[in-house]
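J.: sequence? don't have it. structure:
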C-alpha cells in the first residue's frame with residue numbers, strides 16, 4: 001500500500017489555489033467547490049492507494065507554438081492534479097539535493113524551495129541566473145563560440161522508466177518511484193513516454209531526468225548552463241563546439257532516447273551570441289526607461305528650470321515603453337514568446353489598458369499567448385467598457401486562423417463569462433452552443449449557474465450521469481440555479497452516486513447555500 005501524507009495533500013491544494021493547476025488552461029471551477037468540502041475530500045484522497053491508482057479522465061488540446069505547429073497539452077482531472085502535485089512535493093527535496101548545486105549556475109531552472117503557503121520553487125524561477133551566467137561566460141574572454149541547443153518536444157518525449165530511475169537515484173523510495181512511473185503511464189493511456197505539460201509538478205520530474213545530462217557534460221569537461229531543456233555550451237574553439245554537440249547528441253539518445261531540435265541548434269561566434277541571444281525582457285524594459293528618463297532630464301536642464309510639476313512621469317514612461325516594446329515584439333518573426341508574455345504580464349500587473357487595442361488587433365499572432373492575453377483583458381476591463389471590449393475580443397478571436405481550436409474557444413468563453421456575461425449574455429449563450437461539439441455542455445452549464453437558467457438545469461439533471469465527467473461536474477455545479485427544495489433533493493442523490501469529486505461539489509453547494517460551514 002502506498003498512500004500520500006495528509007500534510008502533502010494539504011500542501012498540494014494550497015499550491016494549486018495560489019498558482020493554478022497549469023500555466024496553459026483556465027483554472028477549473030472545481031477548485032472553488034473543493035474549498036468548501038475539503039475536509040471530507042482530503043480523507044478520500046488520503047485513502048487512495050497510489051500503487052493501484054489508474055487516474056481519471058483528463059482534457060487534451062493542441063496549443064499553437066510561436067513559430068507554427070502545435071504542442072499537445074493536457075489538463076488533468078482536479079483529483080489527479082492534487083495527487084500528482086502531492087507526489088511531486090514528497091519527492092521535491094530529494095530531487096533538489098540530487099541536482100548540481102545551485103551556486104554553480106549550471107542547472108538554473110526552478111530550484112526547489114518548499115513553503116507553507118504552497119511555494120514549490122524559489123521566487124526567481126532561475127531565468128535571471130541563466131541569463132547572468134550566460135552573459136558572464138560570454139564576456140569573460142575565455143570562449144570564442146557558444147553552442148545553443150533545445151531538446152525536441154521534451155516533455156512529451158520523457159521516458160517514464162527514466163523518471164523512475166532518476167527518482168530512485170535521487171533517493172526516492174523505489175516502490176514510490178515505480179508507482180509514479182505507472183501513474184504517468186496511466187496518464188498517457190499505456191504509452192511509455194510523456195509527462196503532463198503545464199502543472200508545476202512536472203518540473204520536478206523533468207529536472208530529475210536531466211540531472212544526469214548536466215553531470216555528463218561536467219564530467220566531459222564542458223562549460224555549460226541550462227534552463228529547462230535549453231542548453232548553452234561555451235567553447236574555446238570550433239572543434240570543441242563540434243565535439244560538444246556530438247557528445248550531447250549521443251548521450252541524449254543513448255541514455256534517454258531524446259534528440260535535439262535541428263532548427264534551434266546554433267553555433268554562434270561569442271559576439272553574435274551576445275547581440276542575438278542575450279535578450280532579457282525586463283533588462284530591455286529598464287534600459288529603455290532609463291534612456292527616456294535621461295532624455296527628459298537633459299531637456300529640462302538645457303531649456304528650463306524644472307518645477308515640481310515638471311518632474312518626469314515615471315508611470316507614463318513605463319506605459320510608453322510597454323507600447324513600444326510590445327509593438328516591436330509583434331513585428332518580429334517569429335513572435336518572441338517570452339518577451340510577449342513578459343510584457344502582457346507587466347501590463348496586467350500595472351492594470352493599464354494601454355496595450356488593449358494592439359492586443360485586440362493582433363489576436364492571430366498572439367494565439368500562443370492566449371492565457372496571458374485573457375488575464376490582461378480581464379484585469380484591465382471595467383464594467384463601463386465590458387460590452388465594447390467583449391465584442392472586440394470576440395471578433396478578434398473568431399477572425400483568427402485558430403478559431404477552430406478548442407484551446408482558443410475555451411479561453412474566449414472564460415474571458416466572456418468572467419467579465420462580460422452581464423452585457424453579452426445572448427452572445428455568450430450562442431458561443432456555448434456553437435462550441436458544444438468541442439467543449440461539451442460545460443460552458444453552457446456555467447452560464448446556467450451564473451444567470452439562473454433553472455429550466456435548463458432541470459432538464460439536464462434527469463440525465464446528468466450520461467455526460468462526460470467534466471460536463472457532469474458542471475451540471476452539478478449549476479444546481480445553484482434551482483429552487484432550494486429541488487436542489488437539496490437532487491444533490492443528496494448525487495452525493496450517494498459514488499464519484500468522490502461529484503460528491504465534493506454537491507457537498508460544497510449544500511454547505512454554502514444552506515449556510516453550513
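T.: Arrived safely, thanks for sending. Here the structure is a predicted model, which means the values were calculated and not measured.
J.: quick one, strands of the stretch 51-200 of the chain?
T.: Here the stretch 51-200 of the chain has its strands, by DSSP state E, counting those that start in this stretch, at 59-64, 70-75, 145-150.
J.: and the first one, average pLDDT?
T.: Strand 59-64 shows an average pLDDT of 93 in the prediction.
J.: mind checking how far it is from the chain centre?
T.: 13 Å (C-alpha atoms, centre = their mean, to the nearest Å).
J.: okay, the angle between that strand and strand 70-75?
T.: Using axes from the mean of the first three to the mean of the last three C-alpha atoms, to 10 degrees, the direction of strand 59-64 lies 150 degrees away from that of strand 70-75.
J.: quick one on the thing from earlier: looking at the strands of the stretch 51-200 of the chain, which is closest to residue 184?
T.: strand 70-75 (11.7 Å; C-beta to C-beta). Every C-beta, even on glycine, is put in place using the N, C-alpha and C of the backbone.
J.: Mind listing what's buried along that closest one?
T.: 73-75 (16 or more other C-beta atoms under 10 Å).
J.: what's the answer for stretch 27-42, then?
T.: 27-31, 33-34, 36-38, 41-42.
J.: Likewise for stretch 430-449?
T.: 431-432, 435, 439-449.
J.: what do you get for stretch 446-459?
T.: Buried-residue list, stretch 446-459, by 16+ other C-beta under 10 Å: 446-451, 453-454, 456-457.
J.: Tabulate the strands of the stretch 51-200 of the chain (JSON lines), appending distance to residue 494.
T.: Output for the strands of the stretch 51-200 of the chain, formatted as JSON lines (distance: least, C-beta to C-beta, whole Å):
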{"stretch": "strand 59-64", "distance to residue 494": "22"}
{"stretch": "strand 70-75", "distance to residue 494": "23"}
{"stretch": "strand 145-150", "distance to residue 494": "47"}
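J.: Among these, single out whichever gets nearest to residue 405.
T.: When these are compared by C-beta to C-beta, strand 59-64 sits nearest residue 405, at 6.6 Å.
J.: which strands and helices sit next to the closest one?
T.: strand 70-75, helix 406-415 (3 or more C-beta pairs under 8 Å, 6 or more residues apart in numbering; DSSP states H and E).
J.: Output the contacting helices and strands for the first one.
T.: Right, strand 70-75. Looks like strand 70-75 contacts strand 59-64 (3+ C-beta pairs under 8 Å, 6+ apart).
J.: Skipping adjacent residues, who's closest to residue 180 in space?
T.: residue 87 (5.9 Å; C-beta to C-beta, 6 or more residues apart in numbering).
J.: Oh, that last question was meant for residue 484, not what I typed.
T.: Residue 484's closest residue in space is residue 513 (C-beta to C-beta, 6+ apart), at 6.9 Å.
J.: one step back: the strands of the stretch 51-200 of the chain: which one's closest to residue 105?
T.: Residue 105 lies closest to strand 145-150 among the strands of the stretch 51-200 of the chain, at 15.4 Å (C-beta to C-beta).
J.: Run through the neighbouring helices and strands of that closest one.
T.: Counting contacts by 3+ C-beta pairs under 8 Å, 6+ apart, strand 145-150 is packed against strand 230-235, helix 238-251, strand 266-269, helix 270-277.
J.: how near is the residue nearest to residue 484 to residue 462?
T.: The gap separating residue 513 from residue 462 is 21 Å, by C-beta to C-beta, to the nearest Å.
J.: which one of these two has more residues nearby?
T.: residue 513 (15 against 9; other C-beta atoms under 10 Å).
J.: if we can go back for a sec, you'd agree the residue nearest to residue 180 is up against residue 181?
T.: No - if you go by C-beta atoms under 8 Å, residue 87 and residue 181 don't touch, sitting 11.2 Å apart.
J.: and these two? which has more neighbours close in?
T.: It is residue 87, of residue 87 and residue 181, that has more neighbours when counted by other C-beta under 10 Å, with 25 against 20.
J.: need the contact list for the more buried one.
T.: Residue 87 sits next to 4, 8, 50, 176, 180, 183, 201 when contact means C-beta atoms under 8 Å, 6 or more residues apart in numbering.
J.: What of residue 212?
T.: 166, 169, 255.
J.: Of those residues, just the buried ones, ChimeraX syntax please.
T.: Typed into ChimeraX, the line below selects the buried ones among these, using 16+ other C-beta under 10 Å:
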select :166
